[in-house]
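1. Sequence and predicted model, in that order:
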Amino acid sequence: MIVILLGPPGAGKGTQAQTLAKTRGIVQLSTGDMLRAAVKAGTDVGRQADTIMKSGGLVSDEIVIRIISDRIQEPDCAKGFLLDGFPRTLPQAVGLDKLLEQQGKTLDVVVEMKVDDTALIERITGRFTCAKCGTGYHDTFKPTKAKDTCDSCGSHEFTRRADDNAETVKSRLMAYYRETAPLIGYYFAKGKLKSIDGMAQIDEVERQLNTVLDAAAA
Ligand code: AMP
């Protein structure tokens, strides 16, 4: 199935996408992760994206549509995928419609994770990730079970994203409300939108998401 997770930075898209990838075997496609990998690898795309990402702005539609277009043609996406952080603008949404149409595929559902703005900064600034396996954590909401040890792979090395600071988060939130929030109306009009309470506990959000996905798959 093809699913989009929609919500502002800090809504929990990445956390839930990682869980769904494990529990339902759906491939998680995060344009943020792909761009960070390109920055780390020092590719042309990475060089172009680096400064924009540091400022909390959006990378060009052309670049991200190309990345997604290439990625969804890979064999592991044949049975479906879950988009986390894409589309983020109306031209990206239209671009995705075209790509899916060309490939004879249909978008199943767009899940909007509704959250309270005031909680987002705290949620974002407490995030960290295992440097080895990429499992995501949070100082308050999802700490590691054993101190400084990854629950998944046992590594002791963690990283924090350079753009997860209070200043950049404000720009990222503004970009969300200006460019991405209009997608809620776009997908509502197509009859694809379902909303869940992103403020609930992580397990409860996961339960709500599974209910939505089960209904969409039925
Ligand atoms: P994320 O990991 O989804 O929070 O994305 C981190 C940063 O990558 C964003 O603040 C943007 O600069 C960039 N980015 C990720 N996905 C997109 C996208 N679909 N369109 C434009 N920029 C993106």
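-> Now that the structure is in, tell me what you want to look at.

2. check contacts around the residue of the chain found nearest the ligand.
-> Closest approach between the chain and the ligand, counting by Cβ to the nearest ligand atom: residue 32, at 2.0 Å. Using the backbone N, CA and C atoms, a C-beta is placed for each residue, glycine as well. Neighbour list for residue 32: 14, 84-85 [criterion: Cβ atoms under 8 Å, 6 or more residues apart in numbering].

3. Kindly recompute the last result at 7 Å.
-> Contact analysis of residue 32 by Cβ atoms under 7 Å, 6 or more residues apart in numbering lists residue 85.

4. what does the model give it for pLDDT?
-> With respect to pLDDT, residue 32 scores 95.

5. which SSE is it in?
-> Residue 32 belongs to helix 31-41 when assigned by DSSP states H and E.

6. and the chain, which residues reach the ligand?
-> By Cβ under 6 Å from any ligand atom, the residues of the chain that approach the ligand are 9, 31-32, 35, 52-53, 56-59, 64, 85-86, 88, 92, 163, 172.

7. Sort out for me which of these are in helices.
-> Those of those mapping onto helices are 31-32, 35, 52-53, 64, 92, 172, per DSSP state H.

8. Which parts of the protein are helices?
-> 13-24, 31-41, 44-55, 61-71, 90-102, 117-125, 166-175, 182-189, 202-217.

9. I'd like those as CSV, with distance to residue 77 appended.
-> Below are the helices of the chain laid out as CSV (distance: least, Cβ to Cβ, whole Å):
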stretch, distance to residue 77
helix 13-24, 12
helix 31-41, 13
helix 44-55, 19
helix 61-71, 7
helix 90-102, 11
helix 117-125, 28
helix 166-175, 27
helix 182-189, 20
helix 202-217, 17
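
10. I'd like the distance between the residue of the chain closest to the ligand and residue 38.
-> Using Cβ to Cβ, to the nearest Å, residue 32 is found at 11 Å from residue 38.

11. Name whatever forms a beta bridge with the most centrally placed residue in the chain.
-> With the centre of the chain defined as its mean C-alpha position, the nearest residue by Cα atoms, centre = their mean is residue 84, 2.6 Å away. Judged by DSSP bridges, the bridge partners of residue 84 are residue 5, residue 30.

12. could I have the lowest-mean-pLDDT helix or strand in the chain exported to CSV, CA atoms only?
-> One helix or strand of the chain scores below all others by mean pLDDT, DSSP states H and E: helix 117-125, with a mean of 86. The C-alpha atoms that make up helix 117-125 are tabulated as CSV, following Å, rounded to 0.1, in the frame of the first residue of the first chain:
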residue,chain,number,x,y,z
ASP,A,117,2.3,23.7,18.1
THR,A,118,3.5,24.5,21.6
ALA,A,119,4.7,20.9,22.1
LEU,A,120,6.7,20.8,18.9
ILE,A,121,9.8,22.7,20.0
GLU,A,122,10.2,20.5,23.1
ARG,A,123,9.6,17.4,21.0
ILE,A,124,12.2,18.3,18.4
THR,A,125,15.0,19.7,20.6
